[in-house]
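# compute the structure for the input listed below.
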Amino acid sequence: MQYYFDDNLQIIMDIDVSKINRSGSSYAPSNKTFGTFVATSNFRFISDGTPAGDQAVTDMQAVCEADYSTVKSIFGLGDVPGRPFVVTVDVNAGGAYHMTCADTGIHLIPEDAPSLLVAEHVECFQALSGKWDCGLGPGEGLSRALAITVRPFKVLSGLDGDVQGWWNGGRPQDYFSDGSADDQNQQSNACNTLGLFWVNSLGYSWTQISQQNAPSLEAVYQSLTGKSGGFTAFVAALGAIPKPWADNPFRSPRRTT
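So this is what the prediction gives:
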């Protein structure tokens, strides 16, 4: 999963859909002019008319308001401007995207649509707070970490970024202290996502974490703990956990597949 800016300034969560099993009638081309349309208090959902798209709308409708309230509570902010979110399900979306971090017009694939939606509106709350930049490593890490926490993924995997490449046999690059890498950098994404899970495991709530200014995770760590050198402690803690790591390796019981 990767966010990047294309020539039209879209922020795109790019997913390798070639790894998704899309055989069967659920992905048959629709013969309908329009797919399912559903409205809730803060969301408008439109599917591409495929059975998979219609099911994704149903799945999101069931949990979207609760998930939105959870994320809103985590950030401790008011509502995202520009509501309702207009969410279009499209098997050809290539992942999920919106035009800017604050944009409430979202396109996403049907697989794990409720989880992808959480990741997208987390970015809208980041923009509202002004303390996190969804286009940089710390913001990308928070988007992934909260999506995994609030609405765990069931189909998609590898959402922590390039964990193996970043770990580099126990010699990882320090993207914890330097948050300047953009969200195209999958090793930075791995470091920041796992780093946030580690900070959370120290006893700091997601509300405490999200309310910090976040030019880097080291800045977040120092603000919360009054200590420096978070990267060294983080790497030591992660290295003590048996591999393979998947999603949040600091939770118990932990997921390894």
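# please count neighbours and contacts with C-alpha atoms only from this point.
Noted.
# what does whichever helix or strand residue 66 is part of rub up against?
Secondary structure from DSSP states H and E places residue 66 in helix 51-75. With C-alpha atoms under 8 Å, 6 or more residues apart in numbering as the test, helix 51-75 has contacts from 25-28, 30, 35-43, 45-48, 78-79, 89-91, 109-114, 118, 121-122, 125, 129, 150-151, 206-207, 210-211.
# now the residue nearest to the spatial centre of the chain: which helix or strand?
The centre of the chain sits closest to residue 144, judged by C-alpha atoms, centre = their mean, with a distance of 2.8 Å. If you go by DSSP H and E, residue 144 is part of helix 137-150.
# buried stuff in the helix or strand just after that helix?
Scanning forward in sequence from helix 137-150 by DSSP H and E, the next helix or strand is helix 163-167. Using 16 or more other C-alpha atoms under 10 Å as the test for burial, helix 163-167 gives 163, 166-167.
# now swap in stretch 68-77 and tell me
Under 16+ other C-alpha under 10 Å, the buried positions of stretch 68-77 are 68, 71-72, 74-75.
# how about those, which pair is most distant?
68 and 75 (10.8 Å; C-alpha to C-alpha).
# quick one: pLDDT of the nearest residue to residue 111 once chain neighbours are set aside?
Leaving aside its chain neighbours, residue 111 sits nearest to residue 155 (6.6 Å; criterion: C-alpha to C-alpha, 6 or more residues apart in numbering). Per-residue confidence at residue 155 stands at 86 (pLDDT).
# hmm, residue 113 and residue 155 touching each other?
No. At 10.0 Å, residue 155 and residue 113 do not qualify as touching, with contact defined as C-alpha atoms under 8 Å.
# who has more neighbours, the two?
More crowded of residue 155 and residue 113, by other C-alpha atoms under 10 Å: residue 113, with 26 against 10.
# what about the spatially closest residue to residue 138 that is not a sequence neighbour, distance to residue 59?
Nearest residue to residue 138, sequence neighbours excluded (C-alpha to C-alpha, 6+ apart): residue 192, at 5.6 Å. Residue 192 sits 29 Å away from residue 59 when distances are taken as C-alpha to C-alpha, to the nearest Å.
# which of these two has more residues huddled nearby?
residue 192 (30 against 15).
# helix/strand/coil for the more buried one?
helix (DSSP: H, G, I helix; E, B strand; the rest coil).
# so who does it touch?
137-138, 140-142, 175-176, 217.
# my read: the residue nearest to the centre of the chain touches residue 193, true?
Yes. Contact between residue 144 and residue 193 holds when scored by C-alpha under 8 Å: they sit 6.5 Å apart.
# still on that earlier bit, how far away is the residue nearest to residue 111 from residue 207?
Using C-alpha to C-alpha, which is the criterion applied here, residue 155 is 27 Å from residue 207.
# same check, this time on residue 187
For residue 187, the distance to residue 207 - C-alpha to C-alpha - is 25 Å.
# picking that back up, could you check the angle helix 137-150 makes with the helix holding residue 66?
For helix 51-75 against helix 137-150, the angle by axes from the mean of the first three to the mean of the last three C-alpha atoms, to 10 degrees is 110 degrees.
# tell me the secondary structure for residue 87?
strand.
# what number of residues lie near it?
Residue 87: 25 neighbours (other C-alpha under 10 Å).
# now stretch 98-109: mean pLDDT?
On average, stretch 98-109 scores 94.
# with stretch 178-187 instead?
In the prediction, stretch 178-187 has an average pLDDT of 92.
# that stretch: end-to-end distance?
Start-to-end, stretch 178-187 (C-alpha to C-alpha) is 13 Å.
# stretch 105-122 now?
OK, stretch 105-122 end separation, C-alpha to C-alpha: 13 Å.
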